[in-house]
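Undergrad: all I have is the shape, not the residue letters:
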């Protein structure tokens, strides 16, 4: 079995409980347009900016998409874990906030990994295409041997090792949702 899943436990990233919502942060270009406005950029941006005005500044900023915006401390810690080889990491230029005093990095990848257990998940479908996942269930056999990766529908998944590290290091901005995992190879034909 995959090292990432201990005792069939996997976690999906969510916002930190008690965080001020619904204001999210995104990386923007020189014109002030989200670099993810038309999906994941095909060409790596040379400069990205983040506007923290009016938001709670944390180690992991709340975003609404495929990007992670991480403090220098958090990025440094997560670099030690197994993550996708094609992850893009870009230093952010901060605008609109005073006394942040911390370097931030934008992380994103160009692909999401399909780990859904379609039999056990609750899905909203349109023309047999998954529009959204209402209740998650993961197929253990599809989970990559990574501690951090982007899964279906732009959700980030992390191993128990990262969850423990976040609590040990007291990193802010992290919330976790435990996702049930099933091993389809052990599926029985008995009712």
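TA: Done, it's in. Note that the structure is predicted; figures quoted are calculated from it, not measured.

Undergrad: pretty sure residue 183 is in contact with residue 142, am I right?
TA: No. When contacts are counted by CB atoms under 8 Å, residue 183 is not listed as touching residue 142 (10.5 Å). In this view, the C-beta of every residue, glycine as well, is placed from N, C-alpha and C.

Undergrad: need the overlap of contacts for those two.
TA: Counting by CB atoms under 8 Å, 6 or more residues apart in numbering, no residue touches both residue 183 and residue 142.

Undergrad: what pairs with the helix or strand that residue 49 is a member of, parallel or antiparallel?
TA: Using DSSP states H and E, residue 49 maps to strand 48-51. Counting by DSSP bridges, the strands paired with strand 48-51 are strand 27-28 (antiparallel), strand 88-95 (parallel).

Undergrad: got the contact list for the longest one?
TA: It refers to strand 88-95. 27, 44-45, 47-53, 69, 75, 100, 103-110.

Undergrad: of those, select the buried ones using a PyMOL command.
TA: Buried members of the contacts of strand 88-95 can be picked out in PyMOL with the line below, counting by 16 or more other CB atoms under 10 Å:
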select buried, resi 27+48+49+50+52+69+75+104+105+106+107+108+109
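
Undergrad: so what's the residue lying closest to residue 41 once chain neighbours are set aside up against?
TA: Closest residue to residue 41 in three dimensions, ignoring its sequence neighbours and counting by CB to CB, 6 or more residues apart in numbering: residue 35, at 5.3 Å. By CB under 8 Å, 6+ apart, the contact set of residue 35 is 26-29, 41, 45, 48.
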